[in-house]
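*Asks:* Show me how the following folds:
(one chain, ligands or ions: 3)
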Amino acid sequence: MINIGRVLLFNLFMVCIWLSLCGAGMHDTYMASDDGKDFYFSFDSKMVFVKGGWFEMGCGNWAEECDDNEKPLHWVYVDDFYISKYEITVAQFRRFINDTGYKTESEKSGGLYMYEREKLKCERKKGTCWKFPGFSQNENHPVVGVSWNDAKEFCKWLSIKTGKNYRLPTEAEWEYAARCCGEKIKYPWGNNDPSGNECNFADRNTDFFWSDKRIDDGYKYTAPVGTYPPNKLGLYDMAGNVWEWCEDWYDKDYYKKTNNAKNPINKKRTSSFRIARGGSWLSGIGVCRSVDRFGKSPDGGYYYLGFRIVRVPGNNK
Ligand SMILES: [Ca+2]
Ligand SMILES: [Ca+2]
Ligand SMILES: [Ca+2]
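*Replies:* Ligands and ions are numbered 1, 2, ... in the order given. Predicted coordinates:
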């Protein structure tokens, strides 16, 4: 007589083998939190609440010179959101990697894009990745070399771990936060150009043809997050240190085309770039202006580009 229990057990065993062989993809292996509130707190205590509202997005007279892709000024409404006080750090990103075994895109192929002085352009350098970006970083520096796709995976992991909905900021949310809810200011701190105490950009510690040799901000590469004073919302490094990914596709004419005033996001792929904002340690001060718009390939890792994250209130999963 067949032992039903043994047959069932055998079937269960076979199902397990099949599941492990066919390998539910990386996403399915992200486990819900097993370290509870402390884990959640370690991320969420570093978020700032931003009360939503209307603001005039883009470049106005107060910003002096405007690039064409920053025009025209247009009214935009964003809902309430939380945004991280700091750029995501090496330590935070390492937690994600250790928890998941995720391999970033630059680790899987080709390395990071770095500036080649002789060639006057960025090229990929083999063997470099977020852990080895070509300069030294401690755990409290902003992570670099994370592609847009990698950053999205980080958000997905954090959402599953915490049961909250984390994502990248939209371009509109990012600008609203940098300009402290729509103030007519050129930089997160106001209209005056930096003296060395406001942000980390291409100052005299760097050696690019665009480096500002008059200014010493103390850092050649990345600075620990929160080194310079925050803006009025309590957000650090919204100008400089590392560029920050946003959700939107980059379209230089998006402001001219859009008539979507409420929570705008460009979901239409009209270029091969995703938006990045704020400038970096490698940037001249002009692109650290809060209205400057930049785009990079979403599968690329760049040694000057990182991210910060947004959580939508009450959007529990
Ligand atoms: Ca600097
Ligand atoms: Ca930044
Ligand atoms: Ca520009």
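*Asks:* phi, psi of Ala172?
*Replies:* The phi/psi pair for Ala172 (degrees, to the nearest 10) reads phi -70, psi -40.
*Asks:* residue ranges with poor pLDDT in the stretch 1-150 of the chain?
*Replies:* 1-29, 31-36 (pLDDT under 70).
*Asks:* quick one, what contacts the residue of it found nearest ligand 3?
*Replies:* Closest residue of the stretch 1-150 of the chain to ligand 3, C-beta to the ion: Asp67 (4.0 Å). Every C-beta, even on glycine, is put in place using the N, C-alpha and C of the backbone. Shown in contact with Asp67 (C-beta atoms under 8 Å, 6 or more residues apart in numbering): 59, 292-293.
*Asks:* Likewise for Gly240?
*Replies:* With C-beta under 8 Å, 6+ apart, Gly240 has these contacts: 199-201, 217, 278-281, 283, 288.
*Asks:* Need the max-distance pair from these.
*Replies:* Greatest spatial distance among the contacts of Gly240 (C-beta to C-beta): Asp217 and Gly278, at 14.8 Å.
*Asks:* what about Arg124, how many neighbours?
*Replies:* Applying other C-beta atoms under 10 Å, we find 15 residues neighbouring Arg124.
*Asks:* Just say helix, strand or coil for it.
*Replies:* Of the three states, Arg124 takes strand under DSSP: H, G, I helix; E, B strand; the rest coil.
*Asks:* how about it, what does it touch?
*Replies:* 106, 110-114.
*Asks:* neighbour-wise, which of those leads?
*Replies:* The most crowded member of these, judged by other C-beta under 10 Å, is Leu112 (29 neighbours).
*Asks:* pLDDT below threshold where in the stretch 201-317 of the chain?
*Replies:* Residues of the stretch 201-317 of the chain that meet the cut-off, pLDDT under 70, sit at 315-317.
*Asks:* Now do the SS call for Ile275.
*Replies:* strand.
*Asks:* Burial check on it, number of neighbours?
*Replies:* Count around Ile275 with other C-beta under 10 Å applied: 28.
*Asks:* Secondary structure element holding the residue nearest to it when sequence neighbours are not counted?
*Replies:* Closest residue to Ile275 apart from its sequence neighbours, by C-beta to C-beta, 6 or more residues apart in numbering: Cys246 at 4.1 Å. Here Cys246, judged by DSSP states H and E, is contained in strand 243-249.
*Asks:* same thing with Met114?
*Replies:* Assigned by DSSP H and E, Met114 falls in strand 112-116.
*Asks:* Contact partners for Arg277?
*Replies:* Arg277 makes contact with 171, 174-175, 178, 243-244, 246, 292-294, according to C-beta under 8 Å, 6+ apart.
*Asks:* Among these, which are located in strands?
*Replies:* If you go by DSSP state E, the contacts of Arg277 have 243-244, 246, 294 in strands.
*Asks:* just those now: which is nearest Gly190?
*Replies:* Closest approach between the ones in strands among the contacts of Arg277 and Gly190, by C-beta to C-beta: Glu244, at 20.2 Å.
*Asks:* Can you get me a residue count around that closest one?
*Replies:* By other C-beta under 10 Å, 28 other residues sit near Glu244.
*Asks:* helix or strand for the nearest residue to Met57 once chain neighbours are set aside, which one?
*Replies:* Take Met57 and drop its neighbours on the chain: the residue closest to it by C-beta to C-beta, 6+ apart is Val76, 4.4 Å away. Taking DSSP H and E as the criterion, Val76 maps to strand 74-78.
*Asks:* Tell me how many other residues crowd Gly134.
*Replies:* Gly134, neighbours per other C-beta under 10 Å, totals 15.
*Asks:* Contact residues of this structure facing ligand 2?
*Replies:* For the chain, the residues in contact with ligand 2 (C-beta under 5 Å from the ion) are 237, 241, 278.
*Asks:* what about the residue nearest to Arg204 when sequence neighbours are not counted, distance to Asp292?
*Replies:* Nearest residue to Arg204, sequence neighbours excluded (C-beta to C-beta, 6+ apart): Lys213, at 4.6 Å. Lys213 sits 22 Å away from Asp292, going by C-beta to C-beta, to the nearest Å.
*Asks:* where exactly do the helices run in the stretch 101-250 of the chain?
*Replies:* 105-108, 148-162, 171-178 (DSSP state H, counting those that start in this stretch).
*Asks:* Return the list of helices and strands in contact with the first one.
*Replies:* Helix 105-108 sits against no helix or strand, with contacts defined as 3 or more C-beta pairs under 8 Å, 6 or more residues apart in numbering; DSSP states H and E.
*Asks:* Any chance you could list what contacts it?
*Replies:* 112, 124, 128-130, 145, 147, 149-150, 299-301.
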